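> A structural model of the following input is requested.
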Amino acid sequence: MKTPVTIRLVHPCDAGSLYRLIEQSRGQLERWLPSLRAITTLNSTRQFINRYVTARRRGKGAGYVIQVNGQVVGMLTLENMTATTADVGYWLENTAWGNGYVIAALQQLFPRVRQAGLTRLQLITAADNLRSQRVAQHTGFTLRQQLVGGVRGKTKMLLYERRLR
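Presented below is the predicted three-dimensional model:
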């Protein structure tokens with residue numbers, strides 16, 4: 001069966017959809033992505049999107065919306081991009097969790113970033129975020145290192161890496 005998941009570059013017109021998703025799933029998302037606390041209005045959502053639009057223009061990153069059957073359900077992000085590497089991140093509205101949508105979205109992302117010349121992606125997740133660890137493992141990422149970071153340096157994080165061939 002063909003997957004209903006697609007990805008496309010984020011656009012300012014996505015602000016309303018993304019803001020609604022963040023508001024609906026705020027409690028669950030902020031546990032893993034405290035940076036979403038800064039998105040409190042439609043205007044701050046536009047600023048969030050513009051950050052990825054600008055990063056893409058400068059070759060420093062990109063943002064993609066994840067769609068299921070044409071409906072936006074979350075995002076994939078590339079940050080800290082160099083000529084060969086980038087950090088990948090993702091989030092979904094909580095009602096879309098557990099359906100393999102991020103795995104399908106990442107599988108669509110890999111050829112795009114490979115074509116852009118990237119040879120390695122990194123993914124950092126909280127050590128207690130088991131769902132994100134499963135996504136990393138199912139999409140060919142390998143655990144490379146345990147880190148300690150976050151507020152007061154007490155959050156245990158895991159660094160995964162995937163080589164792109």
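
> Tell me where this structure has strands.
5-9, 62-68, 71-79, 85-92, 120-126, 142-149, 155-163 (DSSP state E).

> May I ask which helix or strand of this structure has the lowest mean pLDDT?
strand 142-149 (a mean of 87; mean pLDDT, DSSP states H and E).

> helices or strands next to that one in the packing?
strand 155-163 (3 or more CB pairs under 8 Å, 6 or more residues apart in numbering; DSSP states H and E). (Glycine included, C-beta is placed from N, CA and C.)

> circling back: compare the strands of the chain and say which comes out lowest on pLDDT.
Mean pLDDT is lowest for strand 142-149 among those, at a mean of 87.

> Residue 62 contacts residue 75, doesn't it?
No: using CB atoms under 8 Å as the test, residue 62 is too far from residue 75 to be in contact (10.5 Å).

> quick one: strands adjacent to the least confident helix or strand of the chain?
With DSSP bridges as the test, strand 142-149 is paired with strand 155-163 (antiparallel).

> could you give the angle of the strand it pairs with to strand 85-92?
In terms of direction (axes from the mean of the first three to the mean of the last three CA atoms, to 10 degrees), strand 155-163 departs from strand 85-92 by 120 degrees.

> Closest to the centroid, which residue in this protein?
By CA atoms, centre = their mean, the chain has its centre lying nearest to residue 90, at 1.9 Å.

> how near is that one to residue 123?
According to CB to CB, to the nearest Å, residue 90 and residue 123 sit 9 Å apart.

> ok, now residue 108?
The value you get for residue 108 to residue 123, if CB to CB is used, is 16 Å.

> So between those two, which is more surrounded?
Using other CB atoms under 10 Å as the criterion, residue 108 and residue 123 rank with residue 123 on top: 22 against 16.
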